[in-house]
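Visitor: sequence? don't have it. structure:
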């Protein structure tokens, strides 16, 4: 049984999404943003975050989906994958300079909000 | 008002809206890039060419009719501005229909060369490049064939290459601007 063609609004949204991806400027989608936020919290707790640990977190979807998002963050220069010297099957997800700069900008933004307002 | 009547009315309004958008962009193109025109129907930059790809893929028959209706008013405007046609209304309608049919040929060839999902979710840069080139080539060839068969004095190679270059350039410009706008004005997060 053949499926009916998708409605126009579905095709329009898909096409707009595809056109948006033509842009050479890297941006994060909502899922990648969620993963990055979670990694930032984890990095503040400890340094050695294993990729398998992230993949087993149900918030990020299935394991293959979570892995794809980790790779997307790596391709956008936000994380790097370091192989464990003792067990080459283990990979650690570490922040790059870009991610550290991003975390610093968040801290600065929050600090600026906390400053007392200037009197005129 | 029955559901079927509502559907038909919605479809008609969609066609009119698409036609108006085509007419607006073509008129703006004619005004801004008039110095890049070989003749009133061949420009070195033709922005509506991007819609020639998007309309049939997204809106199917409504998109094709939108192009035809929009093109009708564009050609009518050019006639009012001094464009000479041999057969008046018949030629205006013929040019309009050709403008709507050209992308169907390009898309048909594209579907023979590439396999994509019906919901357009898997389109890549190479697909847009192929679609732009194929639709531009079919438009250039159709127009060239028409002008030659209808007895207009034209330089076939110059006309075809101008239309092809204009359509490709217009597609690249519009898709780039649209991609830029979608990235920076509707983006959820920038790092």
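Guide: On my side now, so go ahead. Computed from a predicted model, the values in this text were never measured in an experiment. Residues are numbered from 1 along each chain as shown, chains lettered A, B, ... in the order given.

Visitor: model confidence over the helix or strand hosting residue B:112, on average?
Guide: Secondary structure here is read from DSSP states H and E; on that basis residue B:112 sits in helix B:89-113. Per-residue pLDDT values over helix B:89-113 give a mean of 91.

Visitor: counting contacts, what elements does that helix pack onto?
Guide: Applying 3 or more Cβ pairs under 8 Å, 6 or more residues apart in numbering or on different chains; DSSP states H and E, we find helix B:89-113 packed against helix B:49-59, helix B:61-80, helix B:125-149. For the C-beta atoms, the positions are set from N, CA and C on the backbone; glycine is no exception.

Visitor: could you dump those helices to TSV with distance to residue A:100 and mean neighbour count?
Guide: Below are the helices and strands packed on helix B:89-113 laid out as TSV (distance: least, Cβ to Cβ, whole Å; neighbours: other Cβ atoms under 10 Å in any protein chain shown):
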stretch	distance to residue A:100	mean neighbour count
helix B:49-59	40	24
helix B:61-80	47	20
helix B:125-149	31	19
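
Visitor: for residue B:9, find the nearest of the ones you listed.
Guide: With Cβ to Cβ as the criterion, residue B:9 lies closest to helix B:61-80 of the helices and strands packed on helix B:89-113, at 12.5 Å.

Visitor: right, and the helices and strands packed on helix B:89-113 - which one's nearest chain A?
Guide: With Cβ to the nearest Cβ as the criterion, chain A lies closest to helix B:49-59 of the helices and strands packed on helix B:89-113, at 4.6 Å.

Visitor: now the angle between helix B:89-113 and that closest one, please.
Guide: 70 degrees (axes from the mean of the first three to the mean of the last three Cα atoms, to 10 degrees).

Visitor: returning to what we had before: and the helices and strands packed on helix B:89-113 as JSON lines, adding mean pLDDT and distance to residue A:79?
Guide: Below are those laid out as JSON lines (pLDDT from 0 to 100; distance: least, Cβ to Cβ, whole Å):
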{"stretch": "helix B:49-59", "mean pLDDT": "92", "distance to residue A:79": "35"}
{"stretch": "helix B:61-80", "mean pLDDT": "91", "distance to residue A:79": "41"}
{"stretch": "helix B:125-149", "mean pLDDT": "89", "distance to residue A:79": "25"}
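
Visitor: quick check: which of those is nearest to residue A:96?
Guide: Each of the helices and strands packed on helix B:89-113 was scored for nearness to residue A:96 using Cβ to Cβ, and the closest is helix B:125-149 (25.7 Å).

Visitor: tell me the helix or strand right after the closest one.
Guide: helix B:156-185.

Visitor: now that next one and helix B:125-149, what's the angle there?
Guide: Computed by the same axes, to 10 degrees, the angle separating helix B:156-185 from helix B:125-149 equals 150 degrees.

Visitor: can you tell me if the helix or strand encompassing residue A:42 touches chain B.
Guide: In this structure, residue A:42 sits in helix A:30-45 according to DSSP H and E. Yes - contact between helix A:30-45 and chain B is present through A:30, A:32-33, A:36 (criterion: Cβ under 8 Å from any Cβ of the partner chain).

Visitor: and residue A:87, backbone torsions?
Guide: Dihedral angles phi and psi of residue A:87 (degrees, to the nearest 10) take the values phi -140, psi 110.

Visitor: any idea how far the helix holding residue A:42 is from the chain center?
Guide: Offset of helix A:30-45 from its chain centre (Cα atoms, centre = their mean, to the nearest Å): 7 Å.

Visitor: ok, now stretch B:48-65?
Guide: The chain centre lies 7 Å from the centre of stretch B:48-65; the measure is Cα atoms, centre = their mean.

Visitor: the helix or strand just after the helix holding residue A:42 - contacts with which helices or strands?
Guide: Next along the chain after helix A:30-45, taking DSSP H and E as the criterion, comes helix A:51-55. Contact here means 3+ Cβ pairs under 8 Å, 6+ apart; on that basis helix A:51-55 packs against helix A:30-45, helix A:63-75, strand A:91-95.

Visitor: relative to helix A:30-45, how tilted is the last one?
Guide: Strand A:91-95 and helix A:30-45 meet at an angle of 90 degrees, taking the same axes, to 10 degrees as the criterion.

Visitor: what angle separates strand A:91-95 from helix A:63-75?
Guide: When the same axes, to 10 degrees is applied, the directions of strand A:91-95 and helix A:63-75 differ by 40 degrees.
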